[in-house]
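Q: Need the 3D shape of this:
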Amino acid sequence: MSNPQQLRYSKEHEWLSAAADGVSTVGITEFAANSLGDVVFVQLPEVGAGVTTGETCGELESTKSVSDLYSPVTGEVTEINQDVVDDPSLVNSAPFEGGWLFRVRVTGEPDDLLSADEYVAFTTSG
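A: Sure thing, here's the model as predicted:
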């Protein structure tokens, strides 16, 4: 499993891109996608909605279970990935590319996100 080095990761298995013009992209990791199984439904926050670090902001439903989606940062949702809403399997097939979930204008820098190496250690220590 390869986690892109340029991303940061939450212990709830979301990833966050570096902010471009104050906006970051959020998705779930390959580890999370594999753990969930085949994702069949995605509920994302609405554009304009506020999200808070560590708080639920959506849901991912798979053939195995329903899991909460947590925001890795605080900010305002600026865009959702309609492709994922229309085809939730993108979360499984391309979690770091076409399977991204939403974009957020970050208002507070998170201090508890992990580097790619730290995330690998977190997911393999157990």
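Q: beta partners for residue 50?
A: residue 76 (DSSP bridges).
Q: so what's the most centrally placed residue in the chain up against?
A: What sits nearest the mean C-alpha location of the chain, by C-alpha atoms, centre = their mean, is residue 27, with 2.5 Å. Contacts for residue 27 (C-beta atoms under 8 Å, 6 or more residues apart in numbering) come out as 14-15, 91, 95-96, 99-101. Every residue, glycine included, has its C-beta placed from N, CA and C.
Q: I'd like the average pLDDT over whatever helix or strand it lives in.
A: Following DSSP states H and E, one finds residue 27 within strand 23-28. Per-residue pLDDT values across strand 23-28 average out to 97.
Q: just stretch 79-89 next, same as before
A: Mean predicted confidence for stretch 79-89 is 97.
Q: try stretch 31-48
A: Stretch 31-48 shows an average pLDDT of 96 in the prediction.
Q: gap between it and the chain center?
A: How far stretch 31-48 lies from its chain's middle: 8 Å, per C-alpha atoms, centre = their mean, to the nearest Å.
Q: switch to numbering from 45
A: Sure thing, new numbering starts at 45, so read that last one as stretch 75-92.
Q: for the chain, what spans make up the strands?
A: Using DSSP state E, the strands of the chain run over 52-53, 58-60, 67-72, 83-87, 94-95, 100-106, 110-114, 118-124, 146-152.
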